[in-house]
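Peer 1: Turn this into a model:
(one chain, ligands or ions: 1)
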Amino acid sequence: MPTRHPEFPNLVVFDHPLIQHKLSWIRDETTGHRPFRALLSQIAGLMVFEVTRSFPTAPVTIRTPLEETEARRLSATITVVPVLRSGLGMVEGILTIMPEARVGHLGIARDEKTLKPVAYLKRLPKGLDAGPVVLVDPMLATGGSAAAAIQMLRDEGARDLRMICLVAAPEGVRRLLKEHPDVMVYAAALDRGLTEKGYIEPGLGDAGDRMYGTE
Ligand code: URA
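Peer 2: Coordinates of the predicted model:
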């Protein structure tokens with residue numbers, strides 16, 4: 001079972017052996033971009049099972065080859081929103097398990113003058129209030145872009161939000177707890193902290209670069 005973190009009521013860390021095994025490979029500096037992408041996608045797929053636990057279902061009457069019976073189906077419109085670039089690496093794994101989800105995209109960069117995160121790309125499906133919205137970004141570092149992304153999704157109507165990441169830093173989790181306490185964060189690891197340049201340590205380096213071989 002994933003564990004709630006004692007210091008952070010907004011954080012669930014997956015201690016599942018399969019996720020921890022794959023995380024060890026993805027952190028490893030000798031892992032190249034092809035296995036890195038495959039592992040990221042696989043871990044995201046494994047996380048979906050728990051992340052979606054609270055999703056609403058409704059009863060339906062169906063007919064099996066033997067008889068009519070009651071069953072349950074997902075009853076809300078689900079939206080997955082990766083933050084570019086590296087969020088894209090988790091989407092395929094999520095959609096493999098949950099192909100009914102819609103996908104929006106957010107590209108966020110820091111404005112050089114104000115130093116505040118701004119969206120350089122925002123393509124979101126309409127009616128984000130129609131169901132759960134899952135924000136996806138592998139690295140939760142300072143939490144600046146995650147907090148901004150959540151605010152953008154709220155401004156577009158999202159009400160029921162959660163975030164999937166791979167590795168979280170305490171600084172980012174703390175910031176989200178302060179600014180968006182209702183948004184649960186799901187991570188494979190809570191790491192020690194941040195370097196001066198904002199990298200998570202021990203972390204895994206730049207997730208986008210490692211995914212696409214641009215390092
Ligand atoms: N983004 C990354 O890709 N890696 C980090 O360590 C921090 C932010």
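Peer 1: Contact residues of the chain facing the ligand?
Peer 2: For the chain, the contact set with the ligand under C-beta under 6 Å from any ligand atom comprises 86, 139, 141, 198-200, 203, 206-208. Glycine gets a C-beta too; all of them are placed from N, C-alpha and C.
Peer 1: Give me the buried subset of those.
Peer 2: 86, 139, 141, 199-200, 203, 207-208 (16 or more other C-beta atoms under 10 Å).
Peer 1: Keep only those of those residues that are in helices.
Peer 2: Within these, residues falling in helices by DSSP state H are 207-208.
Peer 1: May I see the buried ones among the residues of the chain next to the ligand organised as a markdown table, with pLDDT added?
Peer 2: Shown next, in a markdown table, are those (pLDDT from 0 to 100):
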| residue | pLDDT |
| --- | --- |
| S86 | 95 |
| M139 | 98 |
| A141 | 97 |
| Y199 | 96 |
| I200 | 98 |
| G203 | 98 |
| A207 | 97 |
| G208 | 96 |
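Peer 1: from the buried ones among the residues of the chain next to the ligand, which single one is nearest P65?
Peer 2: The shortest approach to P65 among these belongs to S86, at 44.8 Å (C-beta to C-beta).
Peer 1: Tell me the buried residues in stretch 94-103?
Peer 2: For stretch 94-103, by 16+ other C-beta under 10 Å, it's 94-95, 98, 101-103.
Peer 1: what's around M163, how many residues?
Peer 2: Around M163 there are 29 other residues, counting by other C-beta atoms under 10 Å.
Peer 1: Could you pull up phi and psi at the residue positioned nearest the centre of the chain?
Peer 2: Residue closest to the average C-alpha location in the chain (C-alpha atoms, centre = their mean): I164, at 2.2 Å. Per-residue torsions, I164: phi -110, psi 130 (degrees, to the nearest 10).
Peer 1: and the helix or strand of the chain with the lowest mean pLDDT, which strands flank it?
Peer 2: Here the helix or strand of the chain ranked lowest by mean pLDDT, DSSP states H and E is strand 3-4, holding a mean of 76. Paired neighbours of strand 3-4 in the sheet (DSSP bridges): strand 11-13 (antiparallel).
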